[in-house]
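K.L.:
My questions concern the predicted model and sequence given below.
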Amino acid sequence: MAAIRVAAEGAEVARAVVRAVPAAKAAALKAAVDRAAVAARVAARKAAAGRAAVAAAKATALEAVAGRAVAVAPLRAAGLAHPVAAPAVHGARVPAAAPAADAAAVAAADAAGVADSKRHFVYGLHAIGAVIERAPERLLELWMVADRDDARVRALTQRAAAIGMRVQAVSSDSLSRLVGDVTHQGVVAAVRPSKPWDEHDLMASLSGEAGADQSRERASERARGMPLILVLDGVTDPHNLGACLRTADAAGVHAVVIPKDRSATVDGVTRKVAAGAAEFVPVVTVTNLARTLDGLKSRGIWVVGTEGEADQTLYGADLKRPLALILGAEGTGMRRLTRERCDFVVRIPMGGWVESLNVSVAAGIALFEARRQRLG
């Protein structure tokens, strides 16, 4: 009987084991399926992210190629752009073995840099020399006629080499096609333009909020509450505007204000005549000159106009104060609304028969009288 009972118990255990095996297998299988599902979701997310990254990379590359195709077109037309190689940015080139991501990034920088330079060429030895000396980081490309070899050109080449900028030898016709029929002296540079100033930038700078490029002495004058601003009302000749900018820089002017209408713009001619000053003296273009003058007066700046019929002479006026000096167009002078904003007007005493001076000459006389009084 005992043997029969033992056999029966063994059979029951065996049946229990048989029943448990499928359940264990099912549990193990379910766990495996769950793990596989989690892994599949993770893989799907990674795959989606990878596809998005690839798409973004393709879009960036296509955008860079398209931008470069548009930007290089004028350079290629002038014979200055290699059909395959990208122009240098700060002297950098894309190595042949560079990774694709690095090449795409540099290509995008090339396209952005050349797009800027398409609108902003500087030519002439003095103008380019000033950029190299005072803002070398803005220099993108430098071209020079191949057949010119004199002391001034060699000196400029050496200065460019010192900042890592390679001079590219081209023909004079190529430079002329690039900048037009101007006296470029055989040297042209593509320069990253500085941020243009508007009325808000001017007012912010007077409050010490703007970070414009300023000489140490000019900054110290501003700190003493002695800004010197040149306002040109109706100067339409780019040669005169360039000469005024050159004089303004030499006199330590804080900014030059011009109206949006009835004024020359800072183009290649202006930059050439300014001999580099156009790259460093902020030129503030305003839509409403009278309103800008009101804003200056509200900040404690004296607005002083110049006209030939004024009772007070320039040399009898107190210019040792925060000052905005206005010069009008030759022949017509200041406009009525501009004249009405003046705190007072002065004249330059004339000793001959001529009734007026060139506006850039008058600007030099007036600005350096203000400077003389401040230094005295």
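P.N.:
That came through, no problem. Numbers count the residues shown, from 1 in each chain.
K.L.:
Quick check: Ile128 vs Ala264, distance?
P.N.:
Per C-beta to C-beta, to the nearest Å, Ile128 is found 21 Å from Ala264. To be clear about C-beta, it is placed using only N, CA and C from the backbone, and glycine gets the same treatment.
K.L.:
When the two are compared, which one has more neighbours?
P.N.:
A side-by-side neighbour count of Ile128 and Ala264, using other C-beta atoms under 10 Å, places Ile128 first with 27 against 19.
K.L.:
what's the more buried one in contact with, if anything?
P.N.:
Residues near Ile128 by C-beta atoms under 8 Å, 6 or more residues apart in numbering: 122, 142, 156, 187-189, 276.
K.L.:
Please narrow those to those residing in helices.
P.N.:
Leu156 (DSSP state H).
K.L.:
My read is that Ile132 contacts Ile163, right?
P.N.:
Yes - checked against C-beta atoms under 8 Å, the pair Ile132 and Ile163 is within contact range at 6.3 Å.
K.L.:
what residues are shared contacts of the two?
P.N.:
The overlap between the contact sets of Ile132 and Ile163 (C-beta under 8 Å, 6+ apart) consists of Leu139.
K.L.:
of these two, who's got more company?
P.N.:
Comparing Ile132 with Ile163 by other C-beta under 10 Å, the one with more neighbours is Ile132, at 19 against 13.
K.L.:
Let me know the helix or strand that that one is in.
P.N.:
Following DSSP states H and E, one finds Ile132 within helix 125-134.
K.L.:
Can you tell me the SS state at Ile258?
P.N.:
Three-state secondary structure (criterion: DSSP: H, G, I helix; E, B strand; the rest coil) places Ile258 in strand.
K.L.:
could you redo the contacts of Ile128 as CSV and give each row pLDDT, distance to Ser174 and neighbour count?
P.N.:
Rendered in CSV, the data for these read as follows (pLDDT from 0 to 100; distance: C-beta to C-beta, whole Å; neighbours: other C-beta atoms under 10 Å):
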residue, pLDDT, distance to Ser174, neighbour count
Val122, 85, 16, 27
Leu142, 93, 13, 23
Leu156, 92, 18, 21
Val187, 91, 12, 24
Val188, 91, 9, 29
Ala189, 90, 14, 26
Gly276, 77, 23, 25
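K.L.:
Could you list the low-pLDDT ranges of the stretch 1-150 of the chain?
P.N.:
For the stretch 1-150 of the chain, the stretches with pLDDT under 70 are 1-119.
K.L.:
Sweet, I'm off.
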